[in-house]
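> Got a sequence here, can you model it:
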Amino acid sequence: MKCVIDTNVIISTLLFPGGTPAKAFAKALAKPNEIVICEYILDEVVRSCRRKDLASEDEIRDIIQTIRALATVVRTPEDELSVAREERVRDIKDRVIFRTAVIHNADCIISGDKDVLEADFEGIFLLSPAEFLKMCHMIP
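Numbers count the residues shown, from 1 in each chain. Coordinates of the predicted model:
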């Protein structure tokens, strides 16, 4: 399954390495799954780590290098989807996540963001980390 991972899942993974988001992130990295992530999300991870003082600059650099090594990193999509599809995503800042998923044929978006999970978006599973794990048969 090709997955786009939202920033909040990555930040939760850093904060709670044994938590459900971390397990979902690890499962999404494991074959046959694949993570597609755009530069915008990586930039958001850096900003969040700095803003919340989660890691030193060296640790942030290591985190980003690790993600780059394990995931398929793509250019941030600038072209909008159709107006009708874009308007289904309430938070304008989240639209880039949906663009990435559509352009790169992702099967799902894994997020803890209510605006993402409640978007009325066809053709892509919008899953919380727990829902993704259930879909992968990891949670009974």
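> next SSE after the helix or strand bottoming out on mean pLDDT in the chain?
When the helices and strands of the chain are scored by mean pLDDT, DSSP states H and E, helix 83-86 comes last with a mean of 60. Following helix 83-86 in sequence order, the next helix or strand is helix 95-103 (DSSP states H and E).
> so where's the protein shaky on pLDDT?
The chain contains residues with pLDDT under 70 at 79-86, 90, 138-140.
> ranges for the helices of it?
Secondary structure of the chain, counting by DSSP state H: helices at 7-15, 20-29, 39-51, 57-70, 83-86, 95-103, 114-117, 129-135.
> any chance of the ones you listed in TSV, plus mean neighbour count and distance to P77?
C-betas here are computed from N, CA, C, even on glycine. Listed next are the helices of the chain as TSV, based on neighbours: other Cβ atoms under 10 Å; distance: least, Cβ to Cβ, whole Å:
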stretch	mean neighbour count	distance to P77
helix 7-15	20	16
helix 20-29	21	20
helix 39-51	17	9
helix 57-70	13	18
helix 83-86	11	12
helix 95-103	21	4
helix 114-117	16	16
helix 129-135	19	22
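> Of these, which is nearest G123?
When the helices of the chain are compared by Cβ to Cβ, helix 95-103 sits nearest G123, at 7.7 Å.
> got the CA positions of that closest one in CSV?
Coordinates of the C-alpha atoms in helix 95-103 are reproduced here as CSV (Å, rounded to 0.1, in the frame of the first residue of the first chain):
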residue,chain,number,x,y,z
ARG,A,95,-4.4,20.4,0.5
VAL,A,96,-0.7,19.8,-0.4
ILE,A,97,-1.0,16.4,1.4
PHE,A,98,-4.0,15.5,-0.8
ARG,A,99,-2.2,16.7,-4.0
THR,A,100,0.8,14.6,-3.1
ALA,A,101,-1.5,11.5,-2.6
VAL,A,102,-3.4,12.1,-5.9
ILE,A,103,-0.4,12.9,-8.1
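> what angle do it and helix 39-51 make?
If you take axes from the mean of the first three to the mean of the last three Cα atoms, to 10 degrees, helix 95-103 sits at 150 degrees to helix 39-51.
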